[in-house]
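Peer 1: For reference, the sequence and a predicted model appear below.
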Amino acid sequence: MEARKVELPIVGMTCARCASAVERTLNKKVPGMISANVNFGTETATVEFDPTVTDTLAMALAVQNAGYELVLPSEGTDIQDAEQSARERELRSQKRYFLVGLILTLPLFAFSMGRDFSLIGSWAQAVWVNWFFLLLATPVQFYTGWGFYTGGWKSIKGGSANMDVLVALGSSTAYFYSLAVLVLPGVGEHVYFETSAVIITLIKLGKLLEARAKGQASSAIRKLMDLAPKIAHIIDEEGQENDIPADQVKPNQLVVIRPGERIPVDGVVVSGQSAVDESMLTGESIPVDKNKNDDLFGATVNQQGLLKIRATGVGSQTALAQIINLVRQAQGSKAPIQRLADKVSSVFVPAIILIAAITLGAWWVTSGEFVPAMIRMVAVLVIACPCALGLATPTAIMVGTGKGAGMGILFKNSEALETAHRINTIMFDKTGTITRGEPTLTDWIPLDSDGKQALILAASAESGSEHPIARAVVKGAGKRGLPLVNIEDFQAASGFGVEALVMGQKVRVGKPGWFENNGAPSHKVKELVQEIASQGKTVMLVEVEGRLVGLLAVADEEKEDARDAISELLGMGIKPVMLTGDNEEAAKAIAGNVGIDRIVAGVLPEKKEEIVRQTHDEGEIVAMVGDGINDAPALARADVGVAIGTGTDVAMEASDITLVGGDLSGVARAIRLSKATMLTIKQNLFWAFFYNAALIPLAAGVFHTISWMPVIIRDLHPAMAAGAMALSSVTVVMNSLRLGRRRI
């Protein structure tokens, strides 16, 4: 049986070390597990497993034994509803813990500070006041702060130490020292219950703010899901219109969409005409005209006419569902740059505990006073919590991939998002990528005085053929406002052209060589044919009753945005290359039109892959842009494969990035988004590293002797350290959210 891959939410993680513990549990303690990747930023586990050996219930039990919750849907609910319910339940619980801590900490802090600064009466020095402080501090320590104890124990039991260990150690030191002062004579005189309570309450506040900010960071998926309409108007077997839930529509059912409504499923137009806003898929604001047999996509907006469609993609098979799945995969994957943070985090907590112990010992020995040494040790433990380090990469990846989805740029994984900004060579397929992928009538050169009538005769004769060139001629005549007429005695000369009786006249349309066998064209016509053919166009002659009346030229024209897109890439210092199986003349003509200097023509799919590999081996970071099955090997070989969304499923499967609307300007936008995301990640990592590098020495009292510094800075109080630590995590997440508002 084939391996199964699913993504499941996890509740109860407090830092990146928790994610590592869950990942290790899944990989080592669940038989049949092929791979498990746990992302702290998205709070999800992406697991691949053998369904004949294990299932998600076994995974949930293993994760529960490790002290966390793997969310599984209950009967009658989907995973999104189960996840939302679990997260809302957890958030309510965390708010309750925080409010209890806040209500008890505020008077505790106010009375403690009032006593320390002699702002309240002498009664505050009475012994019973310290017992009152204990009464206030104990619920904060063991109710509001209980999660730090359980989280720390779970991480130690799992073979690592997370931020909960630091918070639990720091707050417990202050609390139990104060308790010892109360019950043991000679230990000391001053209690620090407010220190332990403020540490816990401030960090709880930081976690709440962080959770809210992370919720905003992951809003891209929710926004996409909210686009899908809940109701569909179907036509039943009796021809009656009924409203049913959109997720109950079956393939081939007829669905009615009125003006202004979102389309509930993917489908094909059966009747009606309209303009449809597809901006949520393609990022393009201009509506697309839709007629009979045109494709429609779920969640796009019908703007004008009444449409009747036949459902082709429903539920998980819709384009929107597949986009959501791709965004989930990208947000849940781990970027290579995250490995640096993971390596640092794996040794960070033990190193901080060692630094805190050294701080305690050094100050105790040099000053001979335990209490100041203990206060500094607590400040080191609290301020060094590595939450910001764990959030730096995944939050930026979440925002970046979500923003890309809104722009019609789908990243399959975060590695593609990270690599794209380093691209210096982009190889483009020609047909369907730079060009439209279908022949277009580009030239009509009449050799007869009545050129309009001659084109009507030629297009009418071609209307009997299904050949792409024939369709291009018919379509070209239609765009010029010329009507077709009925034909008789139609015949197709394979490989040469067509002939038919049109309005009583014998009309032939075909390759110049066909006419050379039946009365050679004049020297002037031959020169004209050669001139047009040198531009990469396919030339056909039109003959009426044995007399040449005109030349038709057909070509696969470049897309309207192709030249601007290539120009933008050149401005970014990126070298464009055209790879095509077409002949060199046609390739040169298109390349010249769009501004590409280097072309490689006449190459088969395996040759494209070889050229990509050779260029990569020369030290280039190579992207391949293509749309067809023949591009799949090169797309897979490239450092970053970019598929045109209007192309084949095989090309999109082999690629790392999909441009939903097929707009080539999306290539440059994807690179700019990658640069912006990487800049955000580097900013986050810098501040996370710099923050700890700067503040740990401060908390340890390294600057104690610098008299010009304010006392509040050089002798950092643990409560301030807790506030600074909480602020660092929120700052990193908010910096990531800035990326979502940035213009790309």
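Peer 2: That came in fine, so what should we check first?

Peer 1: so where is the stretch 101-250 of the chain shaky, pLDDT-wise?
Peer 2: Scanning the stretch 101-250 of the chain for pLDDT under 70 picks out 116-117, 158, 160, 162, 186-188, 206, 209-225.

Peer 1: Please, which helix or strand holds the residue positioned nearest the centre of the chain?
Peer 2: Closest to where the C-alpha atoms of the chain average out (Cα atoms, centre = their mean) is residue 401, at 2.1 Å. Following DSSP states H and E, the helix or strand that holds residue 401 is helix 387-406.

Peer 1: I'd like to know which elements whichever helix or strand comes after that helix is packed against.
Peer 2: With elements assigned by DSSP H and E, the helix or strand that comes after helix 387-406 is strand 409-411. Counting contacts by 3 or more Cβ pairs under 8 Å, 6 or more residues apart in numbering; DSSP states H and E, strand 409-411 packs against helix 319-332, helix 387-406, strand 657-659, helix 665-699. In this view, the C-beta of every residue, glycine as well, is placed from N, C-alpha and C.

Peer 1: nearest to residue 446, of those?
Peer 2: Across the helices and strands packed on strand 409-411, residue 446 has its closest neighbour in helix 665-699 (37.2 Å, Cβ to Cβ).

Peer 1: For the next helix or strand after that closest one, name the packing helices and strands.
Peer 2: Counting by DSSP H and E, the next helix or strand C-terminal to helix 665-699 is helix 711-714. Packing partners of helix 711-714 (3+ Cβ pairs under 8 Å, 6+ apart): none among the helices and strands.

Peer 1: neighbours around residue 724, how many?
Peer 2: Other residues near residue 724 number 19, with proximity taken as other Cβ atoms under 10 Å.

Peer 1: Report the secondary structure state of it.
Peer 2: The local conformation at residue 724, judged by DSSP: H, G, I helix; E, B strand; the rest coil, is helix.

Peer 1: List the contacts of it.
Peer 2: 383, 695 (Cβ atoms under 8 Å, 6 or more residues apart in numbering).

Peer 1: Residue 569 versus that one, what's the distance?
Peer 2: Per Cβ to Cβ, to the nearest Å, residue 724 is found 44 Å from residue 569.

Peer 1: Could you pull up phi and psi at residue 252?
Peer 2: Backbone geometry at residue 252, expressed as degrees, to the nearest 10, gives phi 80, psi 0.

Peer 1: what's the pLDDT at it?
Peer 2: Note on residue 252: pLDDT of 91.

Peer 1: now the one 10 residues further on
Peer 2: The confidence metric pLDDT takes the value 90 at residue 262.

Peer 1: That one - how many residues pack around it?
Peer 2: Per other Cβ under 10 Å, the neighbour tally for residue 262 reads 18.

Peer 1: in the sheet, who's paired with it?
Peer 2: For residue 262, the beta-bridge partners are residue 301 (DSSP bridges).

Peer 1: surely it meets residue 296?
Peer 2: No. Applying Cβ atoms under 8 Å, one finds residue 262 not in contact with residue 296, separated by 10.8 Å.

Peer 1: isn't the residue nearest to the centre of the chain right up against residue 412?
Peer 2: No. Between residue 401 and residue 412 there is no contact, the gap being 9.6 Å when judged by Cβ under 8 Å.

Peer 1: thinking again about what came up before, and of the helices and strands packed on strand 409-411, who's closest to residue 98?
Peer 2: Of all the helices and strands packed on strand 409-411, helix 387-406 sits nearest to residue 98, with 16.1 Å by Cβ to Cβ.

Peer 1: how far is the closest one from where the chain is centred?
Peer 2: Remark: helix 387-406 is offset 9 Å from the chain centroid, using Cα atoms, centre = their mean, to the nearest Å.

Peer 1: Repeat that for stretch 678-688.
Peer 2: For stretch 678-688, the distance to the chain centre is 18 Å (Cα atoms, centre = their mean).

Peer 1: my read is residue 576 is in a strand, agree?
Peer 2: Yes. The assignment for residue 576 by three-state DSSP puts it in a strand.

Peer 1: how many other residues sit next to it?
Peer 2: Residues near residue 576, counting by other Cβ under 10 Å, number 24.

Peer 1: Touching, it and residue 570? I think so.
Peer 2: Yes. The criterion here is Cβ under 8 Å, and residue 576 meets it with residue 570 at 6.9 Å.

Peer 1: Identify the contacts common to the two.
Peer 2: residue 595.

Peer 1: can you give me the offset of stretch 350-361 from its chain's centre?
Peer 2: 40 Å.

Peer 1: what does it contact?
Peer 2: 161, 165-166, 169, 373-374, 376-377, 380-381, 384, 696, 699-701.

Peer 1: Repeat the analysis, applying 7 Å as the threshold.
Peer 2: If you take Cβ atoms under 7 Å, 6 or more residues apart in numbering as the criterion, stretch 350-361 is touched by 161, 166, 373, 374, 376, 377, 380, 381, 384, 696, 700.

Peer 1: who's in contact with the nearest residue to residue 251 once chain neighbours are set aside?
Peer 2: Closest residue to residue 251 apart from its sequence neighbours, by Cβ to Cβ, 6 or more residues apart in numbering: residue 311 at 5.6 Å. Going by Cβ under 7 Å, 6+ apart, residue 311 touches 249, 250, 251, 252, 253, 255, 265, 267.

Peer 1: Let me know the secondary structure of residue 311.
Peer 2: Applying three-state DSSP: residue 311 is strand.

Peer 1: what's the pLDDT at it?
Peer 2: pLDDT for residue 311: 92.

Peer 1: In this structure residue 161 contacts residue 155, no?
Peer 2: Yes. Using Cβ atoms under 7 Å, residue 161 makes contact with residue 155 at a distance of 5.7 Å.

Peer 1: Between those two, point out the one with more neighbours.
Peer 2: Taking other Cβ under 10 Å, residue 161 and residue 155 do not tie; residue 155 has more neighbours (24 against 20).

Peer 1: now the more buried one: how far from residue 164?
Peer 2: In terms of Cβ to Cβ, residue 155 sits 6 Å off from residue 164.

Peer 1: for the stretch 401-550 of the chain, what are the low-confidence residue spans?
Peer 2: By pLDDT under 70, the low-scoring segments of the stretch 401-550 of the chain are 494-495, 516-521.

Peer 1: try 50 this time
Peer 2: Residues of the stretch 401-550 of the chain meeting the criterion pLDDT under 50: none.

Peer 1: tell me which element the closest residue to residue 36 other than its chain neighbours is part of?
Peer 2: Nearest residue to residue 36, sequence neighbours excluded (Cβ to Cβ, 6+ apart): residue 26, at 3.6 Å. Using DSSP H and E, residue 26 maps to helix 16-29.

Peer 1: List the buried residues in that helix.
Peer 2: 16, 17, 18, 19, 20, 21, 22, 23, 24, 25, 26 (16 or more other Cβ atoms under 10 Å).

Peer 1: Among those, which one lies nearest to residue 678?
Peer 2: Using Cβ to Cβ, the buried residues of helix 16-29 come closest to residue 678 at residue 16, 19.2 Å.
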